[in-house]
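Asks: what would the 3D arrangement of this be:
(one chain, ligands or ions: 1)
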Amino acid sequence: MRKMLSTGVCTSTIQLPGKVAVVTGANTGIGKETAKELAQRGARVYLACRDVQKGELVAREIQTVTGNQQVLVRKLDLADTKSIRAFAKDFLAEEKHLHILVNNAGVMMCPYSKTADGFEMHMGVNHLGHFLLTHLLIEKLKESAPSRVVNVSSLAHHLGRIHFHNLQGEKFYSAGLAYCHSKLANILFTRELARRLKGSGVTTYSVHPGTVDSELVRHSSVMRWIWWLFSFFIKTPQQGAQTSLYCALTEGLEILSGNHFSECNVAWVSAKARNETIARRLWDVSCDLLGITRD
Ligand SMILES: NC(=O)c1ccc[n+]([C@@H]2O[C@H](COP(=O)([O-])OP(=O)(O)OC[C@H]3O[C@@H](n4cnc5c(N)ncnc54)[C@H](O)[C@@H]3O)[C@@H](O)[C@H]2O)c1
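Replies: Numbers count the residues shown, from 1 in each chain. I've put the predicted structure just below:
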């Protein structure tokens, strides 16, 4: 597939020597390209990956391409809170700072399954896993301010709903909709996080990367076919990384904390994604599910 149609490009020229970044799901697709660009600009970049072997291959590739040897791989399985806690514990022991956290990893349309902690896989990995990770790293982000959290969501959030009585798909389940619900949760999390972080020097943004040629559609032959059919309009992962990079790097973006971005611009979100009551309730429910004390 050859791609075109990318209007959003991150034009920031900022360099990142001495800065530390974590990118989840960085061994493929958009996450890999995001990590590569952060490394290119001189940051120490942690590739937080489920598959450490694949991560090591990618780290070596990024080191070769960028000349930056500070590209490190650490095990992170967002489908297991023990793994998330272990990752955070080791990271906090190892690093003095964290300036950029890109919550990029995601699953789409996987068959009904549960995480190690019994959460529905989309909600568990895409939302709850990143919620816990951010919670565990938030003090380090505050200490390192100015710092940023970028949450990779999707246009698919428009079809999402937060059914509090069916958050784990226990009453009804559709793999396609489960993905949409989790991507809506990413935006609600971003908005509530921004509200809570006001004045802390940590800002946060949610992102729609565009429609990108990646491994995301691996679970759905229909989606693979649609991707192939529209291949001319589909972005490369490098193009798909631009809005995440824009939100991580652009100077002066702090006043737009909590907003959603697409094509390196503020983007419209659904009415459900702007509902502060749902955002606060989702925050509380997420804390309860993860055993985090509500504040
Ligand atoms: N590709 C698109 O068109 C598109 C569109 C909108 C949003 N997105 C979002 O972009 C993000 C990146 O997706 P991509 O397109 O690069 O797909 P991808 O499948 O290439 O990358 C997803 C990454 O997440 C990782 N991951 C999955 N489950 C994990 C787990 N349990 N623990 C840790 N890592 C895990 C995978 O290993 C992979 O590295 C996702 O959040 C996705 O929802 C993608």
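
Asks: only C-alpha atoms from now on, for both contacts and neighbour counts.
Replies: Will do.

Asks: near the ligand, which residues of this protein?
Replies: When proximity is defined as Cα under 6 Å from any ligand atom, the chain approaches the ligand at 25-31, 49-50, 76-79, 104-107, 125, 152-154, 208-216.

Asks: can you do 5 Å?
Replies: Proximity of the chain to the ligand (Cα under 5 Å from any ligand atom) is limited to residues 25, 27-30, 50, 77-79, 104-106, 154, 211-212, 214-216.

Asks: emit the ChimeraX select command for whichever of those residues are buried.
Replies: Typed into ChimeraX, the line below selects the buried ones among these, using 16 or more other Cα atoms under 10 Å:
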select :25,27,28,29,30,50,77,78,79,104,105,106,154,211,212,214,216
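
Asks: in helices only, show me the residues of the chain next to the ligand.
Replies: 29, 30 (DSSP state H).

Asks: residue ranges of the helices in the stretch 51-200 of the chain, please?
Replies: Using DSSP state H, counting those that start in this stretch, the helices found in the stretch 51-200 of the chain span residues 52-66, 81-94, 121-122, 130-143, 175-197.

Asks: any chance of those in JSON lines, plus mean neighbour count and mean pLDDT?
Replies: Supplementary listing: these in JSON lines, determined by neighbours: other Cα atoms under 10 Å; pLDDT from 0 to 100:
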{"stretch": "helix 52-66", "mean neighbour count": "17", "mean pLDDT": "98"}
{"stretch": "helix 81-94", "mean neighbour count": "16", "mean pLDDT": "98"}
{"stretch": "helix 121-122", "mean neighbour count": "32", "mean pLDDT": "97"}
{"stretch": "helix 130-143", "mean neighbour count": "19", "mean pLDDT": "98"}
{"stretch": "helix 175-197", "mean neighbour count": "24", "mean pLDDT": "97"}
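
Asks: so which of these gets nearest residue 246?
Replies: When the helices of the stretch 51-200 of the chain are compared by Cα to Cα, helix 175-197 sits nearest residue 246, at 16.1 Å.

Asks: how about the CA coordinates for the closest one, as PDB?
Replies: In PDB, the C-alpha atoms belonging to helix 175-197 read as follows (Å, rounded to 0.1, in the frame of the first residue of the first chain):
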ATOM      1  CA  ALA A 175     -15.900  -6.300  19.400                       C
ATOM      2  CA  GLY A 176     -16.200  -3.200  17.100                       C
ATOM      3  CA  LEU A 177     -18.200  -1.200  19.700                       C
ATOM      4  CA  ALA A 178     -16.000  -2.300  22.500                       C
ATOM      5  CA  TYR A 179     -13.100  -0.600  20.700                       C
ATOM      6  CA  CYS A 180     -15.200   2.600  20.300                       C
ATOM      7  CA  HIS A 181     -16.200   2.600  24.000                       C
ATOM      8  CA  SER A 182     -12.500   2.300  25.000                       C
ATOM      9  CA  LYS A 183     -11.500   5.200  22.700                       C
ATOM     10  CA  LEU A 184     -14.300   7.400  24.100                       C
ATOM     11  CA  ALA A 185     -12.900   6.500  27.600                       C
ATOM     12  CA  ASN A 186      -9.500   7.800  26.400                       C
ATOM     13  CA  ILE A 187     -10.900  11.200  25.700                       C
ATOM     14  CA  LEU A 188     -13.000  11.400  28.900                       C
ATOM     15  CA  PHE A 189      -9.900  10.400  30.800                       C
ATOM     16  CA  THR A 190      -7.800  13.100  29.100                       C
ATOM     17  CA  ARG A 191     -10.400  15.800  29.900                       C
ATOM     18  CA  GLU A 192     -10.700  14.800  33.600                       C
ATOM     19  CA  LEU A 193      -7.000  14.400  33.900                       C
ATOM     20  CA  ALA A 194      -6.400  17.900  32.500                       C
ATOM     21  CA  ARG A 195      -9.000  19.300  35.000                       C
ATOM     22  CA  ARG A 196      -7.200  17.600  37.900                       C
ATOM     23  CA  LEU A 197      -3.700  18.700  36.700                       C
END
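
Asks: that one packs against which elements?
Replies: In terms of contacts (3 or more Cα pairs under 8 Å, 6 or more residues apart in numbering; DSSP states H and E), helix 175-197 is packed against helix 121-122, strand 147-152, strand 202-208, helix 276-290.

Asks: the inter-axis angle of the last one versus helix 130-143?
Replies: Here the directions of helix 276-290 and helix 130-143 differ by 100 degrees (axes from the mean of the first three to the mean of the last three Cα atoms, to 10 degrees).
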